[in-house]
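Turn this into a structure:
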Amino acid sequence: MLRPLSDHVVIEPMREEKKKGGIILPETVDKERPEKGKVIAVGPGKIGEDGKRRPLEVKKGDVVLFTKYGPNEIKVDGKEYLIAKEDDILAIIS
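Predicted structure coming up:
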């Protein structure tokens, strides 16, 4: 499994089917990067100027919205993941 460092977060992208006029379009029609995903792992946090580690606000299992082009794409065992900095995460969906 991936163990992110510092303030990095591993996200499993969640792709949603897009509908147009009642027709479900396959994922291949729109290859835009997802902006929603599930947090798989989080790093220990960033060390501040005071030398203390600041824990992340997100945790494993959170569903988050993130900036479209901020995260880096990686593949592990044929599965796609994104690695993002905490700053790339815009919101936690509850």
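
isn't Leu90 right next to Thr67, touching?
Yes: the pair Leu90 / Thr67 is scored as a contact, 6.5 Å apart, by CB atoms under 8 Å. For glycine as for every other residue, the C-beta is placed from the backbone atoms N, C-alpha and C.

Looking at those two, which has the bigger crowd around it?
Thr67 (14 against 11; other CB atoms under 10 Å).

residue ranges with poor pLDDT in the chain?
16-34 (pLDDT under 70).

residues in contact with stretch 66-79?
Stretch 66-79 is touched from outside by 2, 11-12, 32-33, 35-37, 80-85, 87-90, with contacts defined as CB atoms under 8 Å, 6 or more residues apart in numbering.

Okay, buried residues for it please.
66, 70-71 (16 or more other CB atoms under 10 Å).

Distance from that stretch to the middle of the chain?
Between the centre of stretch 66-79 and the centre of its chain there are 7 Å (CA atoms, centre = their mean, to the nearest Å).

Look up the closest residue to the most centrally placed residue in the chain, ignoring the ones flanking it.
For the chain, the residue nearest the mean C-alpha position is Ile11 (3.3 Å; CA atoms, centre = their mean). Once flanking residues are discounted, Ile11 sits nearest to Gly37: 3.9 Å by CB to CB, 6 or more residues apart in numbering.

so the one you found sits in a strand?
Yes: checked against DSSP: H, G, I helix; E, B strand; the rest coil, Gly37 lies within a strand.

still on that earlier bit, next, give phi and psi for the residue nearest to the centre of the chain.
phi -120, psi 130 (degrees, to the nearest 10).

cool, and Asp87?
The phi/psi pair for Asp87 (degrees, to the nearest 10) reads phi -60, psi -20.
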